[in-house]
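> just a sequence and a predicted model for now, questions to come.
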Amino acid sequence: KQKQLTQLRRKEIGFIFQSFNLVPTLTAEENILLPLQIAHRPVDRDWFRKVVGVVGLENRLDHRPSQLSGGQQQRVACARAMMERPSVIFADEPTGNLDSRSSREVLGFLRQCVQDYGQSIVMVTHDPRAASFADRVLVLSDGSITQDMDHPTYDDILAVFAEHDDPDNGPVDVEPAAREA
């Protein structure tokens, strides 16, 4: 049963972490292909080229993580998460370590995963701008869902934050859940 769960996670679930979690001794290409190698699966080179094109890393595949910007490293992590064509990608603060330009690139890529490839993205973020890319946003406060918003704008999310800005209410976490349109 544990083996079946492992296979399910490898095939149907992708992960993107705030800290990238790239192997420093591997090139960008090797990091992207690592899940396939671990699973002993062949590489679909057409899909690989498509994913690399979507994330804009065609000219960086032979670079190690230390030779890439933060945005490029996160795009490697995004591409790695997509290589198995998972149904769901879990993204934990995927823009937390990025500048605003790189953040927009990564969020645009995740949006494209939903629109063009039918994947679902479950993202945890404290960033209202990142949350505004989602089809649905669940707002958590003190461990409870306090808002369930469909297609919110940045201003909608800011208003919810302002509403919860009272120090007595505690912090607010935003969990956007992008889903197929």
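In hand now; what should we look at?
> helices along this protein, start to end?
Secondary structure of the chain by DSSP state H: the helices cover 2-12, 28-38, 45-55, 70-82, 100-117, 128-131, 154-163.
> just the buried residues of the last one, please?
When burial is assessed from 16 or more other Cβ atoms under 10 Å, helix 154-163 yields the following buried residues: 156-158, 160. To be clear about C-beta, it is placed using only N, CA and C from the backbone, and glycine gets the same treatment.
> can you name the residues in contact with that helix?
For helix 154-163, the surrounding residues in contact (Cβ atoms under 8 Å, 6 or more residues apart in numbering) are 128-129, 131-132, 137, 139, 147, 149, 172, 174.
> neighbour-wise, which of these leads?
A131 (27 neighbours; other Cβ atoms under 10 Å).
> and the pLDDT at that residue?
Looking at A131, its pLDDT stands at 93.
> kindly report the same for the one 10 residues further on.
Per-residue pLDDT puts S141 at 85.
> quick one on the thing from earlier: mind checking the helices of the chain for the one nearest to S19?
Closest to S19 of the helices of the chain, according to Cβ to Cβ: helix 70-82, at 9.1 Å.
> residue closest to the middle of this structure?
In the chain, the residue lying closest to the centroid (Cα atoms, centre = their mean) is A91, at 3.8 Å.
> I figured it hits L110, correct?
Yes - assessed by Cβ atoms under 8 Å, A91 is found in contact with L110 at 6.6 Å.
> overlap of the contact sets of these two?
121, 123.
> any chance of the contacts of helix 154-163 in TSV with distance to I38 as columns?
TSV is the format used below for the contacts of helix 154-163 (distance: Cβ to Cβ, whole Å):
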residue	distance to I38
P128	36
R129	34
A131	32
S132	35
V137	33
V139	36
Q147	39
M149	37
V172	37
V174	32
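> which of these sit farthest apart?
Farthest pair in these (Cβ to Cβ) is R129 and Q147. Separation: 16.9 Å.
> low-confidence stretches in the chain?
In the prediction, the chain carries residues with pLDDT under 70 at positions 165-181.
> what number of residues lie near the nearest residue to R41 once chain neighbours are set aside?
Spatial nearest neighbour of R41, excluding adjacent residues (Cβ to Cβ, 6 or more residues apart in numbering): E84 at 7.7 Å. Residues lying near E84 (other Cβ under 10 Å) number 18.
> got the contact list for E84?
E84 neighbours (Cβ under 8 Å, 6+ apart): 10-12, 14, 35-36, 39, 41.
> put the alpha carbons of stretch 41-48 into CSV.
C-alpha atoms of stretch 41-48 as CSV (Å, rounded to 0.1, in the frame of the first residue of the first chain):
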residue,chain,number,x,y,z
ARG,A,41,10.6,6.8,-16.3
PRO,A,42,11.7,7.7,-19.8
VAL,A,43,12.0,11.4,-20.7
ASP,A,44,9.4,12.7,-23.2
ARG,A,45,11.7,15.2,-24.9
ASP,A,46,8.9,17.0,-26.7
TRP,A,47,7.2,17.6,-23.4
PHE,A,48,10.5,18.6,-21.8
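> alright, that wraps it up for me.
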